[in-house]
Every structure is written in C-alpha cells, then in structure tokens.
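Asker: Predicted structure and sequence below. I'll ask about it afterward.
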Amino acid sequence: MQQTLSHFHAPPTQGIKYIGSKLKLIPQVLELVKKVNAKTILDGFAGTTRVSQALAKLGYTVICNDAAPWSEVFGTCYLLNTKPRETYQPLIDHFNAVQPIDGWFTEHYGGHANGGNAIQADGLKKPWQHHNTRKLDAIRQEIENLNLNPVDKAVALTSLILALDRVDSSLGHFSAYLKDWAPRAYKNLVLEVPEIFTSEGAHQVHQSDIFDLVPRISVDLAYFDPPYGSNNEKMPPSRVRYAAYYHLWKSVILFDKPTLFGKAKRREDTSDPLAASVFEEFRHNADGRFIAVDAIAKLIRETQARWILLSYSSGGRATAQQLNEVMQDNGKLLAVLELDYKRNVMAGMKWTDKWVNDTETPNREFLFLLEKN
C-alpha cells in the first residue's frame with residue numbers, strides 16, 4: 001500500500017547542512033510518536049537537533065544527546081533558552097561589528113579567491129575565503145572574551161556556525177572541499193539570531209556516549225538514529241565517520257587549536273582509530289553478525305523506555321533480516337514505515353517478510369516503532 005507522505009504538521013526547525021539530517025523524516029517521526037502516549041522522549045543521536053527542536057515545540061519533554069560537542073551546543077541553544085529571541089540582537093550586532101583578525105582558522109582554513117580556483121599556493125583546497133575566516137577568528141575570540149553564561153554562549157556559537165554554513169565551499173561536510181569556489185563563499189559572514197524559542201519544558205541536553213547515558217535515565221519513548229556505515233564491503237569505513245565529516249564544527253566549539261593532519265586538515269582526534277562509532281563498524285563478529293547490528297540490539301535492551309523508535313537505512317551495515325531478528329527478540333513491532341523521497345510516497349507495511357525480502361529497492365529509509373517486552 002502506498003500513501004502520499006504524511007501531512008502531519010511539523011513545526012519549523014533550524015540546522016546546518018548535514019549528511020545524516022532527518023529533516024524530511026520529521027513529520028513521520030512526529031506521527032509515530034503521537035501514536036503512543038509518550039510524554040518524555042530521548043533523542044539519542046540528536047545531530048543538528050532538528051527532531052529535538054520539533055518535539056520540544058510540540059510540548060514533549062526532551063532529553064537531547066549526541067557525542068559531538070557542537071550538537072550539545074545546538075541543543076543548549078534551542079532547548080534550554082528561556083529568553084525572548086529579540087534580547088539576543090544586541091549581542092549578535094556586537095559580534096558582527098568586531099574587526100577581522102588573522103588567526104588559527106585563517107591560517108589553516110582560509111583561502112584567496114584566485115579567480116574562482118579554491119586550490120591555494122600550498123596545493124590544498126580551502127572551505128572558506130580569507131575575508132570570512134578573518135571574521136571567524138575575531139568573533140570566536142570575542143565569544144571567549146565576553147565570558148558568557150552557558151546558554152548565551154551556545155546561542156552565540158550556534159549563530160556563528162549557522163553563518164559559516166551559509167558561506168562555505170564544501171559538499172556539506174569537511175572531509176573534502178570544492179576545487180572551484182562555491183558562489184556562496186564570496187558572500188560576507190554575517191551572524192543572525194538563531195530561530196530560538198522560549199523553552200518551557202524541563203528539557204535536558206547531554207554530550208554522552210549513548211551506552212553511558214541510557215542506564216541513567218528513564219523515558220517513555222527513545223528515538224534512535226544511529227550513524228551507520230555503508231553495507232558496501234568495498235567502501236572503506238573512513239568514508240562514513242561522522243566525527244571526520246564535521247571536525248571543523250568541533251574546532252569552532254572547543255577553540256582548542258588542535259594538531260591537524262591530511263589534505264582536509266582534520267583534527268587528529270577525528271582520525272579513524274580514535275573517532276569510530278560501533279554503529280559504523282563494518283566488520284562481523286565471530287558469529288557472522290555485523291558488529292553494528294549487535295550494537296543496535298544492545299542499545300534496545302539497555303534503554304529504559306516502553307517504546308523505541310528506530311530510524312535506519314537499507315544502505316546501512318545492518319541487513320534487513322538481522323534487524324528483523326533484533327526486533328522480534330526485543331518486543332512487539334507496532335509500525336514500520338518505508339519512505340521513498342524520489343517518488344514522494346510512503347509505504348505503510350505490516351511486519352511481514354515484504355520489507356525483509358525486497359532487495360530491488362536500494363537505500364530505503366525505514367522507521368520502526370517497537371514496544372519493548
């Protein structure tokens with residue numbers, strides 16, 4: 001059975017270009033959440049926090065978590081703010097007025113226009129032009145100088161990242177940059193007040209490994225959108241490390257001027273041996289199962305929630321059959337949604353072998369709503 005994509009009203013959210021973004025999935029996520037009587041929700045792999053933002057705006061109490069420091073900053077900005085948006089305008093105006101300086105970001109990530117060619121004298125491509133990295137250097141230092149409280153600092157840093165995202169020359173990540181400058185790279189870096197709202201819920205924001213967090217909290221429903229490695233055995237795992245893709249946002253947040261390596265000048269702590277997620281693991285265990293699948297099973301078992309909502313792609317390491325077994329072993333599946341953005345349709349399916357055996361449609365996106373045993 002095929003239906004048009006859900007018309008469930010999703011409140012507006014804000015974020016950056018992100019390969020793992022679930023922006024288009026938000027209406028379906030909200031629709032499935034509404035099917036159960038959940039009040040408290042864990043967004044375990046929050047990323048740009050768009051799902052957390054939408055849930056908070058609809059009145060749910062949200063526990064927002066991600067291992068990335070920039071995600072924690074986004075969560076703090078959007079979920080913990082209690083002041084009207086306009087009160088931040090003078091602060092943002094102050095940052096826009098600072099005088100540019102040459103600093104660490106300009107040294108490593110700033111490039112000259114070169115008539116449109118982003119390859120610099122050192123042979124490397126750069127993500128931003130000099131006029132914008134010089135503003136970045138000045139604004140980032142001024143954020144430190146002002147000694148802001150945690151929420152105000154999060155609003156300032158979120159504003160800075162959103163502005164940088166509007167003038168970058170990338171493919172949406174920072175593991176490689178464009179050979180020719182993107183037209184947006186010529187624009188000036190201008191900060192704007194993020195589309196924040198006055199938070200009324202008792203929300204929480206964490207930056208934790210998910211397995212460290214779930215034993216400590218109890219919620220009605222947990223939404224999991226783990227990073228997943230490709231199931232293409234020929235694809236090296238380094239191609240799918242989210243920490244590597246977004247290393248620059250980490251450097252903007254921490255402002256720690258780390259040791260760098262490679263043509264993209266990645267942080268040393270985002271190298272593959274240090275930044276791998278078990279959910280991106282491409283190897284099998286001794287039983288012939290993907291290690292990533294066992295991690296999903298462990299996560300479902302250890303999560304203290306009545307309902308689990310899992311987002312997963314058929315392009316991930318977990319095979320449909322193995323995911324099927326994980327679900328069957330841990331509870332009752334209440335709903336499965338398959339989404340096809342190209343045809344703009346949603347296939348609502350019962351828990352049958354249909355989705356397991358359909359191998360003709362690659363890279364399908366699924367949402368599984370599970371009631372735990």
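Answerer: That came through, no problem.

Asker: Name the residues of the helix or strand that residue 141 is a member of that are buried.
Answerer: According to DSSP states H and E, residue 141 maps onto helix 130-146. Buried residues in helix 130-146, counted by 16 or more other CB atoms under 10 Å: 130-140, 142-143. C-beta here means a position set from N, CA and C on the backbone, and glycine is covered the same way.

Asker: Tell me how far the spatially most central residue of the chain lies from residue 17.
Answerer: Centroid-nearest residue in the chain: residue 47, 2.2 Å away (criterion: CA atoms, centre = their mean). Distance, residue 47 to residue 17, by CB to CB, to the nearest Å: 12 Å.

Asker: mind listing the strands in this protein by residue range?
Answerer: With strands called from DSSP state E, the chain shows them at 2-4, 40-43, 61-65, 110-111, 128-129, 204-206, 219-224, 260-261, 266-267, 305-313, 331-340, 345-349, 365-372.

Asker: Point out where the protein drops to low pLDDT.
Answerer: Along the chain, the parts satisfying pLDDT under 70 run over 1-8, 20-21, 228-241, 272-276, 282, 314-320, 340-364.

Asker: how about 50 then?
Answerer: Scanning the chain for pLDDT under 50 picks out the ranges 1-5, 230-240, 343-353, 355.

Asker: Residue 82 against residue 197, yeah?
Answerer: No: the criterion here is CB atoms under 8 Å, and residue 82 misses it with residue 197 at 10.1 Å.

Asker: Compare those two (neighbour count), which wins?
Answerer: For residue 82 and residue 197, the more surrounded residue by other CB atoms under 10 Å is residue 197, and the numbers stand at 16 against 9.

Asker: Skipping adjacent residues, who's closest to that one in space?
Answerer: residue 57 (6.4 Å; CB to CB, 6 or more residues apart in numbering).

Asker: try residue 295
Answerer: Closest to residue 295 by CB to CB, 6+ apart is residue 278, at 4.4 Å.

Asker: ditto for residue 193
Answerer: Per CB to CB, 6+ apart, closest to residue 193 is residue 88, 4.7 Å.

Asker: Could you pull up the residues touching that neighbour?
Answerer: Residue 88 makes contacts with 152, 155, 193, 196, as judged by CB atoms under 8 Å, 6 or more residues apart in numbering.

Asker: if I look at it, how far off is residue 79?
Answerer: 16 Å.

Asker: do the same with residue 157
Answerer: Residue 157 is 15 Å from residue 79, by CB to CB.

Asker: How about residue 201?
Answerer: Applying CB to CB to residue 201 and residue 79 gives a distance of 8 Å.

Asker: Could you do residue 58 as well?
Answerer: Taking CB to CB, one finds residue 58 at 13 Å from residue 79.

Asker: between those two, who's got more neighbours?
Answerer: Taking neighbours as other CB under 10 Å, residue 58 and residue 79 compare with residue 79 leading, 26 against 14.

Asker: give me the number of residues near the nearest residue to residue 268 once chain neighbours are set aside?
Answerer: Distances taken as CB to CB, 6+ apart put residue 259 closest to residue 268, at 4.4 Å, once the chain neighbours are dropped. A total of 8 residues lie near residue 259 under the criterion other CB under 10 Å.

Asker: Thought residue 271 was touching residue 259, still the case?
Answerer: No: judged on CB under 8 Å, residue 259 makes no contact with residue 271 at a distance of 10.3 Å.

Asker: what sits in contact with each of those two?
Answerer: With CB under 8 Å, 6+ apart, residue 259 and residue 271 have no common neighbours.

Asker: Now the common contact residues for residue 201 and residue 79.
Answerer: By CB under 8 Å, 6+ apart, the residues touching both residue 201 and residue 79 are 56, 62.

Asker: Can you give me the neighbour number for the spatially closest residue to residue 114 that is not a sequence neighbour?
Answerer: Once flanking residues are discounted, residue 114 sits nearest to residue 120: 7.3 Å by CB to CB, 6+ apart. By other CB under 10 Å, the residues close to residue 120 number 14.

Asker: how near is residue 120 to residue 24?
Answerer: Noted for residue 120: a distance of 36 Å to residue 24, by CB to CB.

Asker: And the helices in the stretch 151-300 of the chain, which stretches?
Answerer: Counting by DSSP state H, counting those that start in this stretch, the stretch 151-300 of the chain has helices at residues 210-213, 242-245, 247-254, 272-275, 291-302.

Asker: who's in contact with residue 306?
Answerer: Counting by CB under 8 Å, 6+ apart, residue 306 touches 36, 38, 220-221, 371-372.

Asker: if you set the cut-off to 6 Å instead, what comes out?
Answerer: By CB atoms under 6 Å, 6 or more residues apart in numbering, residue 306 lies in contact with residue 220.

Asker: neighbours around the residue nearest to residue 197, how many?
Answerer: 18.

Asker: returning to that earlier point: now, among the buried residues of helix 130-146, which is nearest to residue 65?
Answerer: Among the buried residues of helix 130-146, residue 143 lies closest to residue 65 (CB to CB), at 24.0 Å.

Asker: Please name the residues that touch that closest one.
Answerer: For residue 143, the contacting residues are residue 156, by CB under 6 Å, 6+ apart.

Asker: before we move on, what about residue 175?
Answerer: With contacts defined as CB under 6 Å, 6+ apart, residue 175 is in contact with 244-245, 264.

Asker: Quick check: the gap between it and residue 286.
Answerer: 32 Å.

Asker: what about the residue nearest to the centre of the chain, distance to residue 123?
Answerer: Going from residue 47 to residue 123 by CB to CB gives 33 Å.
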